[in-house]
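J.: What follows is a predicted structure for the sequence shown.
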Amino acid sequence: METEFTPWLSLGGGMMIGASAVLLMATNGRIAGISGLTSRIFARATDGEARGVSALFVLGLLLAAPIWLLVSGEWPQQWVPSSPLLMAAAGLLVGFGATYGNGCTSGHGVCGISRGSMRSITATVTFMAAAFVTVFVTRHLIGG
Amino acid sequence: MKQVFALLSGLIFGFGLIISGMSDPAKVLNFLDVFGTWDPSLAFVMGGAIAVTAPGFAWLTRSRSRPFFDTEFRIPSRTDLDPKLLTGAVLFGTGWGLGGFCPGPALTALPIAATGTLIFVPFMLAGMWLARHTPDLSMPLSKGATQ
């Protein structure tokens, strides 16, 4: 399924993501890494204040699409794979991998690269490569 | 005050994901499909985000000793490349390539309640819980391996 190339919207949206990361660091001193913030809500070791801040950030994420619906009258456009088995496996791998490897697209990809962290640059190159290979295999080798 | 800004940061992040098109797995999967229906948009999202975050972080840590409403900048200090980082990244990338969702977009898209998202998110949370309860498998066993 084709999607439209949206350089300006994507650049602008990306800059908003960057602004959010800078705002969270400026006010709370925390990295805007979604996997870290999310898993911290449920971790027993988290102190109450960190849990509250993480939960509120995630609440903000969850409210974005409903507010979008209220303002524009429609949900953001999307197409989501619907195979239950595929999405269960994908979810498990994404959740486990991001937490086990200390970060995902936001924590390593945006914040880590912005800090020039060797760990984050290595992680980002690695998960990008794994993702490119996975899509090549599913779409061109077995999905063809 | 810090709580208000945490909520606001999450909201801005979510709107950024929606506007950039990243809450749509189809766009992410097409970015990863260089030999098919390639859509380079994701590179512009990363570029835009880093173009703001890199100077923003540098300015913050240079001009201030602490955040406005907290005591310290919690910035990771590790520099070693351990097997856990690489294993995690490979598993994460594989799941990302299968579903087209990473954690931020999946949570942002959750209220839209597509079937695939409703399955993905609980399994993602389960995966996070599992990872927090998995010992570092790459560490040599300290007990038992006494040869």
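T.: In hand now; what should we look at?

J.: quick one: low-confidence ranges for chain A?
T.: Applying pLDDT under 70 to chain A picks out residues A:144.

J.: ok, which stretches of it are helices?
T.: Counting by DSSP state H, the segments of chain A that form helices are A:7-28, A:34-42, A:48-72, A:84-100, A:113-115, A:118-136.

J.: isn't residue A:54 right up against residue A:41?
T.: Yes: with contact defined as Cβ atoms under 8 Å, residue A:54 reaches residue A:41; the gap is 5.0 Å. Using the backbone N, CA and C atoms, a C-beta is placed for each residue, glycine as well.

J.: neighbour count winner among these two?
T.: Using other Cβ atoms under 10 Å in any protein chain shown, the more surrounded residue of residue A:54 and residue A:41 is residue A:54, with 24 against 19.

J.: residues in contact with that one?
T.: Counting by Cβ atoms under 8 Å, 6 or more residues apart in numbering or on different chains, residue A:54 touches A:37-38, A:40-41, A:46, B:6.

J.: Identify the residue nearest residue B:123 in space, chain neighbours excluded?
T.: Spatial nearest neighbour of residue B:123, chain neighbours left out: residue A:91 (3.1 Å); criterion: Cβ to Cβ, 6 or more residues apart in numbering or on different chains.

J.: Relative to residue B:101, which of the helices of chain A is closest?
T.: helix A:84-100 (6.6 Å; Cβ to Cβ).

J.: buried stuff in the closest one?
T.: A:86-100 (16 or more other Cβ atoms under 10 Å in any protein chain shown).

J.: Can you turn the buried part of the contacts of residue A:54 into a PyMOL selection?
T.: Buried subset of those, written as a PyMOL selection, criterion 16+ other Cβ under 10 Å:
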select buried, (chain A and resi 37+38+40+41+46) or (chain B and resi 6)
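
J.: ok, which pair from the contacts of residue A:54 is furthest apart?
T.: A:46 and B:6 (13.9 Å).

J.: Show me where chain B has its helices.
T.: Here chain B has its helices, by DSSP H, at B:2-20, B:25-32, B:41-63, B:83-99, B:103-109, B:115-132.

J.: Is chain A within reach of the fifth one?
T.: Just to be clear, that refers to helix B:103-109. Yes: part of helix B:103-109 sits near chain A under the criterion Cβ under 8 Å from any Cβ of the partner chain, namely B:103-104, B:106-109.

J.: From chain A, how far out is residue B:80?
T.: For residue B:80, the distance to chain A equals 7 Å [Cβ to the nearest Cβ, to the nearest Å].

J.: State the number of residues packed around that residue.
T.: Close neighbours of residue B:80, defined as other Cβ under 10 Å, add up to 7.

J.: same thing with residue A:32?
T.: Here the number of neighbours of residue A:32 (other Cβ under 10 Å) works out to 28.

J.: what's the closest non-adjacent residue to the residue nearest the centre of chain B?
T.: The residue lying closest to the centre of chain B (Cα atoms, centre = their mean) is residue B:103, at 5.8 Å. Spatial nearest neighbour of residue B:103, excluding adjacent residues (Cβ to Cβ, 6+ apart): residue A:34 at 4.2 Å.
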